[in-house]
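Colleague: coords please:
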Amino acid sequence: MTTVILAAGYATRMYPLTENFPKPLLEVGGKTVLDRLMEDIDRIDAIKRHVVVSNSRYLPHFKEWAERSDYDKEITLLSDGSTENENRLGAVRDILFAIEEEGLDEDLMVLAADNLLDFSLAGFVDFFCEKRATSIMRHREPSLERLQRTGVITIDGDGRVLLMEEKPREPKSSWAVPPFYIYKREDLPLIREAIAEGCSTDAPGSFIAYLAPKRPVYAHLMEGTRWDIGSVESYERVKREFGE
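Modeller: Numbers count the residues shown, from 1 in each chain. Now for the predicted structure:
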């Protein structure tokens with residue numbers, strides 16, 4: 001299994017803090033957000049290497065980060081060629097770019113690089129290995145406003161995804177989907193097919209919405225708390241709450 005870490009966004013809501021600096025390399029409690037993620041996934045036996053997808057503007061910062069890093073698994077840095085928010089590829093195209101650039105032909109764990117977790121992703125990998133099918137995470141979200149800003153799924157009694165919608169105006173459940181995915185190797189060719197058929201490419205969950213009616217997709221119950229850094233205010237809040 002290879003991890004593809006999505007870090008090519010421009011975090012415009014956090015300007016000027018991130019205007020020339022990548023959000024995943026901001027520090028929380030003395031460590032970068034990305035390092036807190038890497039320290040966990042680098043210890044998972046099933047994962048053999050990491051691919052970090054950045055953009056042209058932020059790539060030098062990630063190169064400096066990689067040079068001072070000391071992880072067991074190989075880290076490959078890629079630039080998707082974009083230079084500003086207006087010409088970004090979007091998450092789904094970045095996944096396809098990583099697959100084609102590196103010739104990836106194995107199960108992929110795809111992660112957004114700007115989230116903090118108080119639990120290990122090892123249980124998610126175990127869930128995938130048990131199901132042997134593309135897998136996502138789910139958690140209960142009581143806020144209608146937040147459900148309208150994220151992916152929302154309906155599932156059957158076995159946790160199989162029946163429907164996924166990105167940012168629905170009228171959510172059909174309270175199961176929200178954080179940006180963590182494990183794609184089964186056999187499902188990877190459908191990413192190009194999805195894009196060709198008009199699948200939205202901005203949010204990574206858009207591909208799951210396309211895939212779920214065609215192939216088995218299962219939803220693992222999130223085992224702890226996730227902090228999403230989306231604004232300067234949320235970053236300051238995360239620094240306080242995560243520290244506590």
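
Colleague: and the residue of the chain most remote from its centre, how far is that from residue 106?
Modeller: Distance from the centre of the chain peaks at residue 157, with 25.5 Å (CA atoms, centre = their mean). Distance of residue 157 to residue 106, computed by CB to CB, to the nearest Å: 30 Å. Quick note: C-beta positions are derived from backbone N, CA and C, even for glycine.

Colleague: kindly report the same for residue 88.
Modeller: From residue 88 to residue 106 the distance is 26 Å (CB to CB).

Colleague: same question for residue 225.
Modeller: Counting by CB to CB, the gap from residue 225 to residue 106 is 30 Å.

Colleague: between residue 88 and residue 106, which is the more surrounded one?
Modeller: A direct count of neighbours by other CB atoms under 10 Å for residue 88 and residue 106 places residue 88 higher, at 19 against 13.

Colleague: any idea of the pLDDT on the more buried one?
Modeller: pLDDT for residue 88: 89.

Colleague: OK, contacts around it?
Modeller: Counting by CB atoms under 8 Å, 6 or more residues apart in numbering, residue 88 makes contact with 8-10, 55, 80, 82.

Colleague: which one of those is nearest residue 64?
Modeller: The closest of the contacts of residue 88 to residue 64 turns out to be residue 55 (CB to CB; 15.3 Å).

Colleague: next, give phi and psi for the nearest residue to residue 225 once chain neighbours are set aside.
Modeller: Leaving aside its sequence neighbours, residue 225 sits nearest to residue 118 (CB to CB, 6 or more residues apart in numbering; 4.9 Å). Backbone torsions for residue 118, taken as degrees, to the nearest 10, come to phi -110, psi 20.

Colleague: again, but for the one 5 residues further on
Modeller: Note on residue 123: its backbone torsions stand at phi -70, psi -30 [degrees, to the nearest 10].

Colleague: wait, it touches residue 223, no?
Modeller: Yes: contact criterion CB atoms under 8 Å: residue 123 and residue 223 qualify, at 5.4 Å.

Colleague: returning to what we had before: show the contacting residues for the residue nearest to residue 225.
Modeller: The contact partners of residue 118, taken as CB under 8 Å, 6+ apart, are 224-225, 242.

Colleague: quick one: buried residues of stretch 224-236?
Modeller: 226-227, 229, 235 (16 or more other CB atoms under 10 Å).

Colleague: right, and residue 161 touches residue 219 too?
Modeller: Yes: using CB under 8 Å, residue 161 is in contact with residue 219, at 5.5 Å.

Colleague: what is in contact with the two at once?
Modeller: Contact with both residue 161 and residue 219 is made by residues 136, 153, 155, according to CB under 8 Å, 6+ apart.

Colleague: most neighbours, which of those?
Modeller: Per-residue neighbour counts (other CB under 10 Å) across the shared contacts of residue 161 and residue 219 peak at residue 136, which has 30 neighbours.

Colleague: check the offset of stretch 121-140 from the chain's centre.
Modeller: Remark: stretch 121-140 is offset 14 Å from the chain centroid, using CA atoms, centre = their mean, to the nearest Å.
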